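Q: Structure, please.
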Amino acid sequence: MPENVPVMYGIPNCDTIKKARKWLTQHNIDYQFHDYKKLGTDELQLQNWLQELGWEQLINKRGTTWRKLDEKTKSTMDNQAAIKVMQENPSIIKRPLLILQDQKILGFNENTYTQELLQA
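A: Numbers count the residues shown, from 1 in each chain. Below you'll find the model as predicted:
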C-alpha cells in the first residue's frame, strides 16, 4: 500500500472498529487494517506509541480486560509494564488506533475523522 494510506489497528469484532471502518468506507478512504489478535503487536511499535501517547491513553481502562487484571498489575502500571500487558492481552489496547503518517488518532469520533481525513 502507498505510504499515505492510513493504517487502522484493532480487533475486527469490536463495535467501535466496525463504526470507524464503516465511516472510512462511506467516505471512500482507503486504509489498511491490522488485526491485533491475528498479527500481534511489535514491541518497538508499542514503545513508540507509548512514548507519544502514554499508557494512560493507550490502555482501555473501561473494558473487561483491564478489570480482569490483578490489582498489583494495575497499581504498578507504567509504560514498560504496559508493553507486556498489551502483548499478552491485545484487547486491552484502546481502539481504533488510526495512524496517518506521523499522526495518531486514538478512538473513533466522526468529527475528528472528518477534520483529520477529509479536510486535510
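Q: and stretch 60-67, which residues are buried?
A: Within stretch 60-67, the residues that qualify as buried are Asn60, Gly63, Thr65, Trp66, counting by 16 or more other Cβ atoms under 10 Å. Placement of C-beta: from N, CA and C, glycine included.
Q: list the buried ones in the helix-or-strand element of the chain with minimal mean pLDDT?
A: Least confident helix or strand of the chain, by mean pLDDT, DSSP states H and E, is helix 36-39 with a mean of 91. Within helix 36-39, the residues that count as buried by 16+ other Cβ under 10 Å are Tyr36.
Q: Please name every helix or strand in contact with the helix or strand following that helix.
A: Moving toward the C-terminus from helix 36-39, the next helix or strand (DSSP states H and E) is helix 43-53. If you count contacts as 3 or more Cβ pairs under 8 Å, 6 or more residues apart in numbering; DSSP states H and E, helix 43-53 packs onto helix 79-88, strand 103-106.
Q: any residues touching helix 43-53, and which ones?
A: Identification of contacts with helix 43-53 by Cβ atoms under 8 Å, 6 or more residues apart in numbering yields Leu58, Asn79, Ala82, Ile83, Met86, Gln87, Leu97, Lys104, Leu106.
Q: Pull up the per-residue confidence for the fourth one.
A: What that stands for is Ile83. pLDDT, Ile83: 96.
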